[in-house]
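1. Quick one: sequence and predicted model below, then my questions.
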Amino acid sequence: MPAIKSLEDLKRIREEALEKRKVKTESGVAQVTVAMGTCGIAAGARDTMKAILNYIETNNVSGVVVTQTGCIGMCEREPIVQVTIGEQPKVTYGKVTPDIAERIMKEHVQAGKTVSEFVVPA
Amino acid sequence: MREIALHLLDIAENSVAANAHMIALTVCEDLHHDRLTASVTDDGKGMDAEMVAKVVDPFITSRTTRKVGLGIPLFKAAAEACNGELTIQSEVGKGTRMEVDFQHSHIDRMPLGDLASTLLTLVVAYPHIRWVFEYTAVAKMGSPREQYIFDSQPIVAELGDIPLTEPEVLAFLRETLEIGITQAQAALKN
């Protein structure tokens, strides 16, 4: 059975992250928001969130801000994910399954190209 | 919702909305007494007695985007269908405590579900809140209780200005929670 992680591990992680930050160039912070109201959770928002966090972890994506919001009044389109890159306007995606979340992370958050087929018109 | 862990996520979101600084979640699986209990306690803005009475009603909510709230009534109905109950104690300015209880072996009891994902989701999205989680397992017939406790405060303090969404930090948090919960739950299978 693997050992429980300690705060010593965390110290090392922090130093590595600081080191990486030095070499990274800021190209506009990406913010990803998952709607996590009762409607969102019931529609699968936690699995969508999990897919986003998994993508960051497995693809070693640094500098993405992941947050949550409550019900935004479009319950029938849940799970909803919103992406903001730098100063660009916010893009809202609807019915975001874990697979679609992965595409949004890859194509929009990392490559800067909106995944237009899942965009919810504002 | 098909998991107790998803309902707990839903209830914890209410605590976040109540501007809590510290939110404690507990889950106890007691096979000896055949109960599954869980609680969410916050130090948020609280509710008066009238609001507490109304909050289990599906047509009352503090939300402004819609006029119905279904999270708590659904969870309450699920508990009552399994010889259990859901209670809420709250005081304005002090905070709120929600407790829920199920007959562990009841055929209609939904699975506990993915507690680690629920915790990871909350801690990462709301790092300014102190999250405390306590999981307890009591196997049958006087065996010792197995417990796992997670506290986000020392982790966030150690990281300083490094966000929790950095890949190495996410891996650390996910593994910490998954291993801790799995090890404590293993006691139930012996």
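-> Received it, and whenever you're ready, just let me know what you need.
2. now the lengthiest helix in chain B, how far from the centre of its chain.
-> If each helix of chain B is counted by residues according to DSSP state H, the longest one is helix B:167-185. Between the mean C-alpha location of helix B:167-185 and the chain-wide mean there is a distance of 17 Å, by Cα atoms, centre = their mean, to the nearest Å.
3. Can you list the neighbours in contact with it?
-> Contacts to helix B:167-185, defined as Cβ atoms under 8 Å, 6 or more residues apart in numbering or on different chains, come from residues A:1-5, A:9-10, A:13, A:16-17, A:53, A:56-57, A:59-62, B:29, B:115-116, B:119-120, B:123-124, B:135-137, B:146-148, B:150, B:155, B:159, B:162-164. (C-beta placed from N, C-alpha, C; glycine too.)
4. Restricted to helices, list the residues you listed.
-> A:9-10, A:13, A:16-17, A:53, A:56-57, B:115-116, B:119-120, B:123-124, B:155, B:159.
5. Now for those: which two are most distant?
-> With distance counted by Cβ to Cβ, no two of the ones in helices among the contacts of helix B:167-185 lie farther apart than A:16 and B:115, which are 28.2 Å apart.
6. With neighbour numbers in mind, choose between the two.
-> Neighbours of residue A:16 and residue B:115, each counted by other Cβ atoms under 10 Å in any protein chain shown, are more numerous for residue B:115; the result is 26 against 14.
7. Please enumerate the strands of chain B.
-> Taking DSSP state E to define them, one finds strands in chain B at B:22-30, B:35-42, B:85-91, B:95-103, B:130-138, B:146-151.
8. got the CA positions of stretch B:108-120 in PDB?
-> Listed next in PDB are the C-alpha coordinates belonging to stretch B:108-120 (Å, rounded to 0.1, in the frame of the first residue of the first chain):
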ATOM      1  CA  ASP B 108     -32.400   1.700  -0.900                       C
ATOM      2  CA  ARG B 109     -29.400   3.500   0.600                       C
ATOM      3  CA  MET B 110     -27.400   5.100  -2.100                       C
ATOM      4  CA  PRO B 111     -23.700   4.400  -2.200                       C
ATOM      5  CA  LEU B 112     -21.300   6.600  -0.300                       C
ATOM      6  CA  GLY B 113     -19.600   7.400  -3.600                       C
ATOM      7  CA  ASP B 114     -16.400   9.200  -4.400                       C
ATOM      8  CA  LEU B 115     -15.600  11.200  -1.200                       C
ATOM      9  CA  ALA B 116     -12.100  12.000  -2.400                       C
ATOM     10  CA  SER B 117     -13.400  13.700  -5.600                       C
ATOM     11  CA  THR B 118     -15.900  15.700  -3.500                       C
ATOM     12  CA  LEU B 119     -13.200  16.900  -1.200                       C
ATOM     13  CA  LEU B 120     -10.700  17.700  -4.000                       C
END
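9. Is chain A within reach of that stretch?
-> Yes - counting by Cβ under 8 Å from any Cβ of the partner chain, contacts between stretch B:108-120 and chain A involve B:114, B:117, B:118, B:120.
10. The closest residue to the first one other than its chain neighbours: how many residues sit nearby?
-> Put plainly, it is residue B:114. Spatial nearest neighbour of residue B:114, chain neighbours left out: residue B:5 (5.4 Å); criterion: Cβ to Cβ, 6 or more residues apart in numbering or on different chains. By the measure other Cβ under 10 Å, the count of residues near residue B:5 is 24.
11. which of the residues in the helix or strand of chain B with the lowest mean pLDDT are buried?
-> Considering only helices and strands, the least confidently modelled element of chain B by mean pLDDT, DSSP states H and E is helix B:49-55, at a mean of 83. Buried positions in helix B:49-55, judged by neighbour count with 16 or more other Cβ atoms under 10 Å in any protein chain shown: B:52, B:55.
12. Just the buried subset of the contacts of helix B:167-185, written out for ChimeraX, thanks.
-> Selection of buried members from the contacts of helix B:167-185 for ChimeraX, criterion 16+ other Cβ under 10 Å:
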select /A:5,9,10,13,17,53,56,57,61 /B:29,115,116,119,120,123,124,135,136,137,146,148,150,155,159,162,163,164
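13. one step back: which one of the strands of chain B lies nearest to chain A?
-> Go through the strands of chain B one by one with Cβ to the nearest Cβ and the one that ends up closest to chain A is strand B:146-151, at 8.9 Å.
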